[in-house]
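K.L.:
Here is my input; please provide its structure:
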Amino acid sequence: MLEALVLYACPVVIGGDFNIHVQDRDDPDARRLADLLASFDLVQHVRGPTHRCGNTLDLIITPATCQLDDVTVDPAGMLSDHSLVIGRLPVAVEPALIFEQQVRAWRRVDRAKLGRALEESELCQPVSSDADVDRLFDTYDAVLRDIADRMAPLHTIRRRRGRLAPWFDAECHSERRECRRLERRYSRTCTAEDRRLWVNATRSRHQTYRNKEQYWLARLTRCGRSSS
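P.N.:
Model (predicted):
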């Protein structure tokens, strides 16, 4: 499950009752969980007991790069024998940019009917050798528009504009292509080695994205008031 979750570029939060005594460093399950989280660069944020018996069972886990603030643990026994654990995750949510666009549903057009309409149109009639080029072009444009309006009339759709990423340069494109290549290879072979290469490449790609974004944001902040 963790191998799948670490491939997401967005912050991943894992929480709940793990039923593992993580406060006991000698507990074999606690040691295995700590080693597992460390291998995926994940951090467990809850400190202190979360059960009426004094054990830390309810955990909140995030990537090391994801900062979790104001983690509080209410006393156990108020709602159940477990504590209520609350944390604050600072996430900046940008409003979606919606725009309207006029399109034609060409996939729904009957190809045979379209072909007959073109054959019967003025475009397929003989043209004299002294015909005016401008008039021919106007005829071409008018006939095609008329056929398009009859078979695939324009209609308006609403689309969500994707987030602009000016920092997404050739290096980012190259790493994304490499990840997709490794993913396709793993889907064919299903071997542990190809899976490891795919996961490692994806982690490296996400780190490159973060570094690029932070670099350009810092540079824009420094030079934002400069007119040169």
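
K.L.:
can you give me the helices for the protein?
P.N.:
Under the criterion DSSP state H, the chain carries helices at the ranges 2-5, 28-39, 111-120, 133-151, 170-189, 192-223.

K.L.:
And the pLDDT for the residue of the chain positioned farthest from its centre?
P.N.:
Counting by CA atoms, centre = their mean, the extreme residue of the chain relative to its mean C-alpha position is residue 130, 57.7 Å from that point. Among the per-residue scores, residue 130 shows a pLDDT of 86.

K.L.:
which phi and psi does it have?
P.N.:
Note on residue 130: backbone dihedrals following degrees, to the nearest 10 are phi -100, psi 20.

K.L.:
follow-up on the earlier one: for residue 81, which of the helices of the chain is the nearest?
P.N.:
Ranking the helices of the chain by proximity to residue 81 (CB to CB) places helix 28-39 first, at 19.7 Å. C-betas here are computed from N, CA, C, even on glycine.

K.L.:
List the buried residues of that closest one.
P.N.:
If you call a residue buried by 16 or more other CB atoms under 10 Å, then helix 28-39 has these buried ones: 30, 33, 37.

K.L.:
same check, this time on stretch 45-60
P.N.:
Residues of stretch 45-60 classed as buried: 45, 46, 49, 50, 51, 55, 56, 57, 58, 59, 60 (neighbour count, 16+ other CB under 10 Å).

K.L.:
Return the distance of residue 14 relative to residue 40.
P.N.:
Relative to residue 40, residue 14 is positioned 10 Å away (criterion: CB to CB, to the nearest Å).

K.L.:
do residue 109 as well
P.N.:
Following CB to CB, the distance that separates residue 109 from residue 40 is 50 Å.
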